[in-house]
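Asker: Here you go, sequence then predicted model.
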Amino acid sequence: MYIDTHLHLSKNDNIDSILKDCLDNNVGHLIISGCDKEGIIDALDIINKYKNINAVLGFHPSEVDKVNDKDLEWLEDAIKNNDKAVGLGEIGLDYYYGKDNKNEQISLFEKQLVIAERLNVPVVIHTRDAFQDTYDILKKYSVRGIIHCFNGSLEVANLYIKRGFYLGIGGVLTFKNSKLDSVIKDIDLSHIVLETDSPYLSPEPYRGKPNSPKNIPLIASRLAEIKKISTEKVENITFNNACQIFDLKI
């Protein structure tokens, strides 16, 4: 069975249909991300209704101008009081559109890392054009987790791995112009989890169309091809990795 360790669902989605498609494709468990106020509320509603869905909750760096300390207290309570909330994320830094609010992003990131330390939960890290700041900040905290949508160099991968992080690998691995395959071939499978980030970043041959967690096997197949191993080995090891980081009892 596969686990999609990162996707986005709304309570307005046809979740029953999505889950049926997942089960038909051997994707038996989902970890959804609620990364703004509305998304967190939706995620809590969803995980309380569906046995095979858990959630990570947190404030994405794009939310930096909307979040105050009361919101962070609410977030901490939401994670602390719901056993199916298994981590804090996605959180981090995003300088893709510029660094005008860099200091505010860093402040929000660090406040959430403090919460993760206090609750002893894993973190799911979003980092875009911000590796050095992200890495330097993570060194200050005793946290573990996943680098979501990893697309960096082998050197960067090994730095994160040494800090106890797994690499979240998704549809980008299947893109013809991606160089991620040359990095992943030298990363042991014990450091990798699978994710779709759906409805974004659909793998080939569905690139450009809405993504779905049912597409996890396409990512696994490409990973198996790169590493010259069976898809069953990819399935088993990435399943165990996800269970370990999120303390899932499946």
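Answerer: Everything's here; your move.
Asker: Need phi/psi at the residue of the chain most remote from its centre.
Answerer: In terms of distance from the mean C-alpha position of the chain, Asp100 ranks first, at 25.6 Å (CA atoms, centre = their mean). Backbone torsions of Asp100, given as degrees, to the nearest 10, read phi -60, psi -30.
Asker: Pull the contacting residues for it.
Answerer: Contact analysis of Asp100 by CB atoms under 8 Å, 6 or more residues apart in numbering lists nothing. Just so you know, the C-beta spots here come from the backbone N, C-alpha and C atoms, and that holds for glycine as well.
Asker: any idea how far Ser107 is from it?
Answerer: 14 Å (CB to CB, to the nearest Å).
Asker: any idea how far His6 is from the closest residue to Ser202 other than its chain neighbours?
Answerer: Among residues not flanking Ser202 along the chain, Asn211 sits closest, at 4.0 Å (CB to CB, 6 or more residues apart in numbering). Note on Asn211: its distance to His6, by CB to CB, is 11 Å.
Asker: Find residues that contact each of those two.
Answerer: By CB under 8 Å, 6+ apart, the residues touching both Asn211 and His6 are Thr196, Asp197.
Asker: Settle it for me: which of those two has more neighbours?
Answerer: Ranked by neighbour count (other CB atoms under 10 Å), Asn211 and His6 place His6 first, with 26 against 20.
Asker: wait, Pro61 sits on Asp94?
Answerer: Yes - between Pro61 and Asp94 there is a contact under CB atoms under 8 Å: 4.5 Å.
Asker: where do the contact lists of those two overlap?
Answerer: Gln105, His126.
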